[in-house]
Structures are given as structure tokens and as C-alpha cells.
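Trainee: Predicted coordinates and the sequence they were generated for:
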Amino acid sequence: MKGKPLAEKVDDEIVKKSDTDQQTTEQNEDVNPQELKKAWLEYAEQIKSENMRLFSILTAHQAELFNSTIIRIQLSGQIQMDELANAKAELMLFLKKRLKNSKLTLEISIRPEDLAVEKKAFTAAEKFEAMIQKNPALAVLKQKFNLDLE
């Protein structure tokens with residue numbers, strides 16, 4: 001058997017990998033919003049056949065460039081946030097390579113208007129409390145006529 005011993009082959013692979021890692025860490029080109037949008041949609045198209053749910057999230061919610069290294073996206077709910085968080089490492093690797101900026105980070109949040117979801121009233125007491133919130137005069141009538149909820 002001619003060739004390098006296994007230990008030397010492993011060392012060579014480690015050196016090659018560290019060389020490519022250094023190349024990606026040294027990339028810090030400026031990113032503009034148009035390039036981000038193009039790369040974002042390109043990634044969405046790449047994963048369309050593998051993960052239709054993530055494709056929908058990426059195409060329905062556009063990421064915004066907050067500053068030169070922070071990408072922000074606001075989603076509609078926790079399920080979307082979890083789905084994107086699961087794919088975040090792969091997405092960021094793609095964006096860092098495509099946009100040639102290794103300092104990029106992604107901030108995922110839920111839109112504030114989607115956080116304030118109204119609690120659904122189920123029991124008679126909960127329904128009555130919701131009605132009182134809309135019309136406080138009902139509390140006066142309940143007290144005046146000494147009414148009880150069943």
C-alpha cells in the first residue's frame with residue numbers, strides 16, 4: 001500500500017478545511033437591500049421542493065437589512081418562527097456565502113400586532129366579562145336587577 005498514512009490524510013483534510021474557513025471569515029463586502037432580496041428569494045427557490053412550509057414563510061415575509069450586518073424578519077406567529085429557527089443555520093450559511101459577508105446575523109421576531117391576540121371567551125362568565133369590557137353599563141344592570149350567571 002503506497003500513499004500517505006491515515007493520520008497524515010486526516011491532517012491534510014483539517015488544513016484544507018481551515019483554509020476554506022479562513023476564506024469565508026475574511027469576506028466582509030457591503031450588502032445592499034436589493035442583493036439581500038435576490039439572495040433571499042434564491043434560497044427560497046432552492047428549498048422549495050424539500051420544505052414547502054419554509055418556502056412559504058420566506059416568500060411571504062421579506063427580510064430587511066437593519067444595518068450592514070443585521071438582517072431582520074418579522075413573522076406572523078410562533079410556528080413560523082420555530083420553522084425558520086430550525087433552518088437558520090443553513091439559511092445564514094447560504095446568505096453569508098452568496099452576499100460575501102461573514103458577519104451577517106439574522107434576528108427573527110413576531111410582529112407586535114400578531115402578539116396581541118384576543119383571548120376567546122368560552123364560559124358564560126367569560127362571555128359576560130367580555131361584554132362588560134365593550135359596554136360597562138351591563139355591570140350596572142346586572143347589579144341593579146341582582147342577576148346571576150348560570
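Mentor: Structure received.

Trainee: Secondary structure class of Asp30, three-state.
Mentor: At Asp30, secondary structure determined by DSSP: H, G, I helix; E, B strand; the rest coil is coil.

Trainee: Isn't it up against Ser68?
Mentor: Yes - the pair formed by Asp30 and Ser68 meets the contact definition of C-beta atoms under 8 Å, at 6.2 Å. C-beta here means a position set from N, CA and C on the backbone, and glycine is covered the same way.

Trainee: what residues are shared contacts of the two?
Mentor: Between them, Asp30 and Ser68 share the neighbouring residues Asn101, with contact defined by C-beta atoms under 8 Å, 6 or more residues apart in numbering.

Trainee: more crowded one of the two?
Mentor: Under the criterion of other C-beta atoms under 10 Å, the comparison of Asp30 against Ser68 puts Ser68 first, with 13 against 10.

Trainee: Now do the contacts for the more buried one.
Mentor: Ser68 makes contact with Asp30, Val31, Asn101, Lys103, according to C-beta under 8 Å, 6+ apart.

Trainee: With Ser76 instead?
Mentor: With contacts defined as C-beta under 8 Å, 6+ apart, Ser76 is in contact with His61, Ile110, Arg111, Asp114.

Trainee: on that earlier part again, tell me the buried residues within the contacts of Ser68.
Mentor: Buried subset of the contacts of Ser68 (neighbour count, 16 or more other C-beta atoms under 10 Å): Val31, Asn101.
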